[in-house]
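I need the structure of the sequence given here:
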Amino acid sequence: MTTAFEINPDIKVIIPAYNEADSIAAVIKEIPNSVSEIIVVNNNSSDNTLKNAENAGATVLTENRKGYGYACLKGMQYIAEQSNPPHIIVFIDGDYSDYPEELTKIVEPILQDDKDFVIGARVKRLREGGSMTPQQIFGNWLATFLMKLLFGATYTDLGPFRAIKYDKLLELQMEDKTYGWTVEMQLKALKKKLSYTEVPVRYKKRIGISKVSGTVKGSIFAGIKILSWIFKYSIK
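Next up, the predicted model:
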């Protein structure tokens, strides 16, 4: 099955970035040329993230309110103000833990099979040792297990490397400002009955220290936010 925009899809990438000066240029450089625009949202960084992203050729926005969701929403707001909306939005982190060139794998199910939503699944056999912390591995297992139990979902990961049709993204009416962004998207995709799939992707140790899983506070807050979204939807 083919889609109307298979031959020449307009794909834009949103990269939330907080103090990713050492990695952001490498992420931008390895994103395939088929992407029409790379949007880096500088999320109140205190280093040279903004400068390095600009020098690498990205469109750089600034969101001073700290939070992964705030940064993603800023990127979406920028796209919404453009006269020609894209077909596909890809989200990827700025820490170089993903392999940006695998974007072609991420969007393929949308282009070839008309899927609405695709998650890059960080499967164990493709993960570099130590690239995910024990709390990340457990948190992913618990969240996806609960979504399977409560909603019949087939998710195995909350991976941040993901692609979604732009019109479907708008339908989700995303609102989370911080740690719950990824799970909110997956839950709302279930509620809206979007067609979705996962694509196994490679994953390596990030450059620098994670602002979420790298701290006890970040891990706890992320866990609480993720579980709160799941249980919020389970009682609707």
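
Run through the residues that contact Lys188.
Contacts for Lys188 (Cβ atoms under 8 Å, 6 or more residues apart in numbering) come out as 172-174. Bear in mind the C-beta positions are built from the backbone N, C-alpha and C, glycine included.

Can you tell me which of these are buried?
Buried by 16 or more other Cβ atoms under 10 Å: 172, 174, out of the contacts of Lys188.

Need the nearest residue in space to Phe161, chain neighbours excluded.
Gly120 (3.6 Å; Cβ to Cβ, 6 or more residues apart in numbering).

Can you tell me the element Leu227 falls in?
helix 216-234 (DSSP states H and E).

quick one: contacts of that helix?
Residues contacting helix 216-234 (Cβ under 8 Å, 6+ apart): 133, 135, 139, 142-143, 146-147, 150-151, 158, 176, 178-180, 183-184, 187, 190-191, 210-213.

Where does the residue lying closest to Asn55 once chain neighbours are set aside sit: helix, strand or coil?
Spatial nearest neighbour of Asn55, excluding adjacent residues (Cβ to Cβ, 6+ apart): Ala25 at 6.9 Å. Using DSSP: H, G, I helix; E, B strand; the rest coil, the structure places Ala25 in helix.

all strands for this structure, in order.
11-17, 37-42, 59-62, 88-91, 117-121, 162-165, 196-200 (DSSP state E).

quick one: average pLDDT of the second one?
Mean pLDDT, computed over strand 37-42, is 98.

show me what contacts Met147?
Applying Cβ under 8 Å, 6+ apart, the residues contacting Met147 are 153, 155, 186-187, 190, 230.

if we can go back for a sec, okay but the residue nearest to Phe161 is in contact with Thr197, surely?
No. Judged on Cβ atoms under 8 Å, Gly120 makes no contact with Thr197 at a distance of 10.8 Å.

that older thread, just the buried ones from the contacts of Met147, in ChimeraX syntax?
The following ChimeraX line selects those of the contacts of Met147 that are buried, judged by 16+ other Cβ under 10 Å:
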select :153,155,186,187,190,230
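
any idea which of the contacts of Met147 is closest to Ser46?
Gln186 (31.2 Å; Cβ to Cβ).

so what's the most centrally placed residue in the chain closest to, chain neighbours aside?
Taking Cα atoms, centre = their mean as the criterion, Pro160 is the residue nearest the geometric centre of the chain, at 3.3 Å. Among residues not flanking Pro160 along the chain, Asp93 sits closest, at 4.9 Å (Cβ to Cβ, 6+ apart).

How many neighbouring residues does the one you found have?
Counted by other Cβ atoms under 10 Å, the residues lying close to Asp93 total 19.

Equivalent analysis for Glu63, please.
Close neighbours of Glu63, defined as other Cβ under 10 Å, add up to 20.

Show the backbone phi and psi for it.
Per-residue torsions, Glu63: phi -130, psi 110 (degrees, to the nearest 10).

That one touches Asn44, doesn't it?
Yes. Assessed by Cβ under 8 Å, Glu63 is found in contact with Asn44 at 7.1 Å.
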